[in-house]
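Colleague: sequence first, then the predicted structure, then my questions.
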Amino acid sequence: MEYPSTERKEIIDEIHNKKLSDPYRWLENFDDEEVQQWLNIQHNYTENILGKIPNRDEAIVRIKELLSLGEISAPKKKNNKYFFQKRTTENQPILFVQDESGDKRELVNPNILSKENPVAMDWYYISPSANFIVYGLSKNGDEWSILHIMNTNTREILSERIPRTRFCSLAWMQDETGFYYTRYPLPGTVPSGQENYNKHIYFHKIGTNWQNDLEIFGEGRDPTNHYAISLSKDGRYLLINIIKYTKNDLYLMDLKNKNKLIEVIANQDNLTSASIFNDTLWILTDRDHPKKTVCKVSLNAPQYENWQEVIPESDQTINQVLITKERIFLNVMKNASDYLLIYDQKGKFLSEISLPKYINIFDFADSFIEADDISEFYFGIRSFLYPTNIYHYNIETNELKLIDDIQTPVKPENYIVKQVWYESKDKTKVSMFLAYKKDLKLDGSNPTLLCGYGGFNIAIKPPYLKLSRFYWLEKGGIIAIANLRGGSEYGEDWHRDGMLEKKQNVFDDFIYAGKWLIENNYCSTKTLGIFGRSNGGLLTGAAVTQAPELFGAAYVGVPLLDMIRYHLFSIARYWIPEYGSSENSEQFNYILKYSPYQNVKKDTKYPPTFLVAAASDSRVDPNHAMKMTAMMQWANQSKEPIILYVERQAGHGVGKPLDKLAETEADLFTFVGWKTGLKM
């Protein structure tokens, strides 16, 4: 394969007494004219390769049709008003409010704001009486939200515009005169490179200059801390969750007692969340219980030694908890699929809410624990063959009712969805979901898309892929979703078995999933494609460098690939608890063994590989995909393409407009489909 020429500018680093070559470091300077010229040449080459895919234009049309089936969220009810988001053919979901009479009004429509630059609504918070919402808007997918305030009755947008509210957590005062919120520092107010960190908690009074907002918490704390906050209904206690990715601390701040801090739990190696309900703190924790327990404690003495266990650990991992006046509802996960269970206030199991098999429950609660005196709630489910179902549950009558859905574009009775188990390299049993047509012959010739993630305590549940998955299924392809270590599918132990020095377990789990599919005649090495994004992009990058002969095609999306230098860019120091850092000699040694960029080998036959990044990605710098492309093109001995595309006006993926999403999804399914023999 004749690739575009890329100059090697030899740089040798000596790190912990080891010399490492980094010939493509010059590509890290994204805005440099030479880099942009190189990128334009790579894009032209990519377009030329993609232009060879048969029936690609028809595929793009069909995939956009599937994505246009839409998105819908479960309603959030406040003071007899129902808030929900919905999108069909629009680029972005629209936020609506509906009253009990059924009158529906549009509140926030990012599409009318997206003229030169795509605008997305990143988050929103409803005031206690639903008279206001606070919401964040960002451009080009960069997620650096600007906070806005709207009167929901008049649609008046107030004058405040508070920047740097990325991943904002917010707690309204009951009288709606103001709110506590989190934001990052303005550039120039902290040392260069620190503006992506140092999130603090502030109080804003509506109608005042945000630059004078009182700083409540964060000074002197670790710059990589995140904060999630909530406020007791009497306005006395601010609950502060200090999130450190693999662990966290919990404090109560007594706002009526000189902001006195009361420790709930701190400096422990566990994940704990909580919510205030009347005079009780309800707690969800994995301390000493990897699949979590539900506890409660009085606000007067909330320390760990006073916690009372209400619901003990079981073989089901607890995802979320909804506390009501007489009932406790649990969203639990067993074998990587979700269920809803009902308990009484004393922790006695009462029943399970009947739901379909192999599902992912969403919008069940706003956080891990939500406590409220309610008589109903809403939630949504997704599964491989059904896009979205929205349910209403009446607590008093135990009645479950389907209130909205997105119709499936296929006949579910013509497909099989099942879960299988396979052995990884170290004999650990790993689960995997499969979806395909019933009349499929297991003769080893089927185009198969193997997907995975394996990190950050995130569970990969059905269906994982977007609505564009139906294109692959319609064309006779197999979808395989592997539940790799590093995720939360089987509790915190499963997560820890795939992080830091055990990260190689994740790659082994993925590679052995591919081997199992081949050995069991689902596909062959020629018809096995792999897909992953973000941490999943690291996964597919590692799989390609460790087992290049196993795969027929690879899609590496917004990936981390140079793990020796990853922590130097964007917000990546947040992820050191998960990966480790090359600044630490012990961690450097195990990172170097798997870091994809450093493990590309000259004169190796690599499978066709499509690397995709985004220019406005504020999480993963595009230089990872760019440097890896250059390295693989230099090293590859096969006649297969190694191609790159860096999206303009796009970020990590959250809030991506429908038009851009359709292009990206078409690239995935047509490239991998083309190279694995999908009949397009």
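Modeller: Sure thing, it's come through.
Colleague: so which strand or helix has Trp472?
Modeller: Here Trp472, judged by DSSP states H and E, is contained in helix 469-474.
Colleague: how far does the helix or strand that that helix is followed by sit from its chain's centre?
Modeller: Tracing the chain past helix 469-474, the next element assigned as helix or strand by DSSP H and E is strand 478-482. Centroid separation for strand 478-482 versus its chain: 18 Å, with C-alpha atoms, centre = their mean, to the nearest Å.
Colleague: point to the residue nearest the middle of the protein.
Modeller: Using C-alpha atoms, centre = their mean, the residue of the chain that lies closest to the mean C-alpha position is Ile458, 7.6 Å off.
Colleague: how many residues are close by the residue lying closest to that residue once chain neighbours are set aside?
Modeller: The shortest distance from Ile458 to any residue other than its chain neighbours is 5.6 Å, reached at Gly487 (C-beta to C-beta, 6 or more residues apart in numbering). For the C-beta atoms, the positions are set from N, CA and C on the backbone; glycine is no exception. Other residues within reach of Gly487 by the criterion other C-beta atoms under 10 Å amount to 25.
Colleague: equivalent analysis for the one 10 residues further on, please.
Modeller: For Asp497, the count of nearby residues is 18 (other C-beta under 10 Å).
Colleague: same check, this time on the one 5 residues further on
Modeller: Counted by other C-beta under 10 Å, the residues lying close to Lys502 total 14.
Colleague: what does Asp213 give?
Modeller: Residue neighbour count, defined by other C-beta under 10 Å, stands at 19 for Asp213.
Colleague: show me what contacts it?
Modeller: Under the criterion of C-beta atoms under 8 Å, 6 or more residues apart in numbering, the contact list for Asp213 reads 162, 202-204.
Colleague: how much space between it and Gly178?
Modeller: The span separating Asp213 from Gly178 equals 9 Å under the rule C-beta to C-beta, to the nearest Å.
Colleague: do Phe83 as well
Modeller: 20 Å.
Colleague: and for Gly537?
Modeller: Remark: distance between Gly537 and Gly178 (C-beta to C-beta) = 41 Å.
Colleague: show me which of the two is the more surrounded one.
Modeller: For Gly537 versus Gly178, the count of surrounding residues by other C-beta under 10 Å is larger for Gly537: 28 against 16.
Colleague: got the angle for the one helix or strand the more buried one maps to vs strand 478-482?
Modeller: Secondary structure from DSSP H and E places Gly537 in helix 535-546. Regarding helix 535-546 and strand 478-482, their directions subtend 100 degrees when assessed with axes from the mean of the first three to the mean of the last three C-alpha atoms, to 10 degrees.
Colleague: quick one: mean pLDDT for whichever helix or strand comes after helix 535-546?
Modeller: Once the chain leaves helix 535-546, the next helix or strand it forms, by DSSP H and E, is strand 553-557. Mean pLDDT, computed over strand 553-557, is 98.
Colleague: partner strands of strand 553-557 and their direction?
Modeller: Partner strands and pairing direction for strand 553-557 (DSSP bridges) are strand 528-533 (parallel), strand 609-614 (parallel).
Colleague: export those strands to TSV and tack on distance to Leu442, mean neighbour count and mean pLDDT?
Modeller: TSV is the format used below for the strands paired with strand 553-557 (distance: least, C-beta to C-beta, whole Å; neighbours: other C-beta atoms under 10 Å; pLDDT from 0 to 100):
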stretch	distance to Leu442	mean neighbour count	mean pLDDT
strand 528-533	14	28	98
strand 609-614	27	27	97
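Colleague: a markdown table for these, including distance to Glu501?
Modeller: As requested, those are exported to a markdown table (distance: least, C-beta to C-beta, whole Å):
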| stretch | distance to Glu501 |
| --- | --- |
| strand 528-533 | 21 |
| strand 609-614 | 27 |
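Colleague: quickly list what the residue nearest to Ile458 is bridged to.
Modeller: Going by DSSP bridges, Gly487 is paired in beta bridges with Arg485.
Colleague: what do Asp213 and Gly178 both touch?
Modeller: Taking C-beta under 8 Å, 6+ apart as the contact rule, Asp213 and Gly178 both touch 203-204.
Colleague: in a strand, Leu186, correct?
Modeller: No - looking at Leu186 with DSSP: H, G, I helix; E, B strand; the rest coil, it is coil, so not inside a strand.
Colleague: so it sits against Thr165, correct?
Modeller: No - at 11.7 Å, Leu186 and Thr165 do not qualify as touching, with contact defined as C-beta atoms under 8 Å.
Colleague: and the two? which has more neighbours close in?
Modeller: Per other C-beta under 10 Å, whichever of Leu186 and Thr165 has more neighbours is Thr165, with 27 against 11.
Colleague: isn't there a helix covering Gly514?
Modeller: Yes - when three-state DSSP is applied, Gly514 is found to be in a helix.
Colleague: report how many residues lie close to it.
Modeller: A total of 25 residues lie near Gly514 under the criterion other C-beta under 10 Å.
Colleague: pLDDT score for it?
Modeller: On pLDDT, Gly514 comes in at 98.
Colleague: sorry, back to before: nearest to Asn153 among the contacts of Asp213?
Modeller: Of all the contacts of Asp213, the one sitting nearest Asn153 is His204; the distance, using C-beta to C-beta, is 20.5 Å.
Colleague: pretty sure Tyr45 sits in a helix.
Modeller: Yes - using three-state DSSP, the assignment for Tyr45 is a helix.
Colleague: give me the number of residues near it?
Modeller: Residues near Tyr45, counting by other C-beta under 10 Å, number 19.
Colleague: picking that back up, what does the helix holding Trp472 rub up against?
Modeller: So helix 469-474 is contacted by 59, 62-63, 66, 384, 408-410, 415, 435-437, 447, 449, 463, 479, 669, 673, 678 (C-beta under 8 Å, 6+ apart).
Colleague: and the residue lying closest to Tyr378 once chain neighbours are set aside, what helix or strand is that in?
Modeller: Across the structure, with C-beta to C-beta, 6+ apart as the measure, the residue nearest Tyr378 apart from its sequence neighbours is Ala74 (4.1 Å). Under the assignment given by DSSP H and E, Ala74 is not contained in any helix or strand.
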